[in-house]
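Asks: here are the coordinates; sequence isn't available:
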């Protein structure tokens, strides 16, 4: 009677759980296993089997192997089976694999522990698993398999590289999947701060969206969106933001004084995106090519350009206005430098042999003395020197004569007073 009940129970369970695409041989094999499973279940034993400990819940990264453990004591002739709960699928009975999933396996250690192996774990393997003993009624316990998935950034709807006009609003998005759900962090590849809508600047910001208003050329660059969920490895995507604007030109020294024969270097700074065409030209519009006399040089960095023009041995015809010109599809800009002539310092200074003066630079201003102010000296003639000596000797002679007369008068007065 018990055997009949057991076979009926197994048949009902088989019809509910088994895959009907099996061949006749597989069905006969399963029925045979069922008979053994049920026949062992009706055997009376001195003590019923029970579980030694609960099944531990485990967490496994996708692609790895998951192993669930079921420990039983006093099993005697009963059998242990593993089932997938949500699909009601029989996976193994004792040491036999029932499912057609080639990634499923089972191992037994002595007569106490059964291990369910799931190789190359997929996210779909996540769920509850049951370890069951074919007692009447059946004994079972559950264990949960959690499958974690490293983050992955979706090509869509994640933002692609973009080109915008200066002062436009920019909205970037980074969408990612993973288990658990990844956290998105934004930062600039060049480690420069990110300027937010409220005007504040931060080195990094968290969130799926990055919004910036009225972007300028300084915000041009590569932005990194990094997805992480504590399941290695983290992933990132580079999004290039290009800000286009017409050329602008800045010149520090617009007036340069130089003397003939001197070597001078003119400098000009420009900014533009798309990158501009840069060149030097004379005031007449004639482009200045590279030569032994004129040496143009362009140093570029991102959207910034530093232009130089070296003029070797200035000639009379080389003084005048020079233009630095920058052009791109959005516009054109130019700046001018006026090279004017100044006197040669060595020719303008007075001769030391003739003047006898020690000419030197003004220590305070570090400039050449004003050569337009001439220094003159009057050299006295010989007859003027004689006249001067005569005029200087007369007062001395007069003083001596007057002294003699005065002494004579005093002598007479003194002598008469006694007579």
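Replies: All right, it came through fine. All values derive from a computational prediction rather than experimental measurement.
Asks: what's the span of stretch 275-288, first residue to last?
Replies: 21 Å (C-alpha to C-alpha, to the nearest Å).
Asks: Correction: the previous question concerned stretch 102-118.
Replies: 9 Å.
Asks: same question, stretch 68-86
Replies: Terminal residues of stretch 68-86 are spaced 16 Å apart (C-alpha to C-alpha).
Asks: same deal with stretch 121-140?
Replies: So stretch 121-140: terminal residues 24 Å apart, C-alpha to C-alpha.
Asks: Identify each buried residue in it, please.
Replies: Within stretch 121-140, the residues that count as buried by 16 or more other C-beta atoms under 10 Å are 121, 125-126, 129-135, 139. In this view, the C-beta of every residue, glycine as well, is placed from N, C-alpha and C.
Asks: quick one: strands adjacent to the host helix or strand of residue 247?
Replies: Assigned by DSSP states H and E, residue 247 falls within strand 235-250. Strand 235-250 pairs in its sheet with strand 162-165 (parallel), strand 221-228 (antiparallel), strand 264-273 (antiparallel), by DSSP bridges.
Asks: mind checking which of these is nearest residue 82?
Replies: Closest to residue 82 of those is strand 221-228 (C-beta to C-beta; 34.4 Å).
Asks: Which residue ranges of the stretch 51-200 of the chain form strands?
Replies: 58-61, 66-73, 80-84, 89-93, 96-97, 104-109, 113-118, 127-133, 139-153, 162-165, 170-173, 176-179, 183-188, 194-195 (DSSP state E, counting those that start in this stretch).
Asks: hey, which of those strands is tucked in deepest?
Replies: Most buried of these by mean neighbour count (mean count of other C-beta atoms under 10 Å) is strand 80-84; its value is a mean of 24.
Asks: and which of the buried residues of stretch 121-140 is nearest residue 195?
Replies: Of all the buried residues of stretch 121-140, residue 195 sits closest to residue 126, with 41.9 Å by C-beta to C-beta.
Asks: Now render the strands of the stretch 51-200 of the chain as a markdown table, adding distance to residue 252 and mean pLDDT.
Replies: Below are those laid out as a markdown table (distance: least, C-beta to C-beta, whole Å; pLDDT from 0 to 100):
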| stretch | distance to residue 252 | mean pLDDT |
| --- | --- | --- |
| strand 58-61 | 59 | 96 |
| strand 66-73 | 69 | 97 |
| strand 80-84 | 77 | 97 |
| strand 89-93 | 79 | 96 |
| strand 96-97 | 82 | 96 |
| strand 104-109 | 76 | 96 |
| strand 113-118 | 71 | 98 |
| strand 127-133 | 71 | 97 |
| strand 139-153 | 45 | 97 |
| strand 162-165 | 29 | 97 |
| strand 170-173 | 33 | 96 |
| strand 176-179 | 48 | 96 |
| strand 183-188 | 29 | 98 |
| strand 194-195 | 27 | 94 |
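Asks: so which of those gets nearest residue 340?
Replies: Residue 340 sits nearest to strand 162-165 of all the strands of the stretch 51-200 of the chain, at 40.3 Å, using C-beta to C-beta.
Asks: Touching, residue 334 and residue 322? I think so.
Replies: No: with contact defined as C-beta atoms under 8 Å, residue 334 does not reach residue 322; the gap is 10.5 Å.
Asks: ok, back up a step: need the max-distance pair from the buried residues of stretch 121-140.
Replies: Top of the distance list for those (C-beta to C-beta): 121 and 135, 30.6 Å.
Asks: In contact with the residue nearest the centre of the chain, which residues?
Replies: Central residue of the chain (C-alpha atoms, centre = their mean): residue 190, 1.8 Å from the mean position. By C-beta atoms under 8 Å, 6 or more residues apart in numbering, the contact list for residue 190 reads 221-222.
Asks: quick one: it from residue 306, how far?
Replies: Going from residue 190 to residue 306 by C-beta to C-beta, to the nearest Å gives 19 Å.
Asks: likewise residue 47?
Replies: Per C-beta to C-beta, residue 47 is found 92 Å from residue 306.
Asks: Have a look at the two and say which one is more surrounded.
Replies: Neighbours per residue, other C-beta atoms under 10 Å: of residue 47 and residue 306, the larger number sits with residue 306, 14 against 8.
Asks: Which strand or helix spans the closest residue to that one other than its chain neighbours?
Replies: Using C-beta to C-beta, 6 or more residues apart in numbering and skipping the chain neighbours, the partner closest in space to residue 306 is residue 299 (4.3 Å). Assessed by DSSP H and E, residue 299 sits inside strand 294-301.
Asks: Would you list the strands that that strand pairs with, along with their directions?
Replies: Checking strand 294-301 against DSSP bridges gives partners strand 304-311 (antiparallel).
Asks: that older thread, what separates the residue nearest to residue 306 from residue 278, distance-wise?
Replies: Residue 299 sits 10 Å away from residue 278 when distances are taken as C-beta to C-beta.
Asks: For those two, indicate the residue with more neighbours.
Replies: Remark: of residue 299 and residue 278, residue 278 carries more neighbours, 21 against 10, as counted by other C-beta under 10 Å.
Asks: Looking at residue 334 and residue 322, which has the bigger crowd around it?
Replies: Set side by side, residue 334 and residue 322 show more neighbours around residue 322, with 21 against 14, by other C-beta under 10 Å.
Asks: tell me which residues in the helix or strand containing the more buried one are buried?
Replies: Element membership for residue 322, per DSSP H and E: strand 320-328. Residues of strand 320-328 classed as buried by neighbour count (16+ other C-beta under 10 Å): 322-328.
Asks: so residue 297 makes contact with residue 308?
Replies: Yes: A contact is recorded between residue 297 and residue 308 when judged using C-beta under 8 Å, the distance being 4.2 Å.
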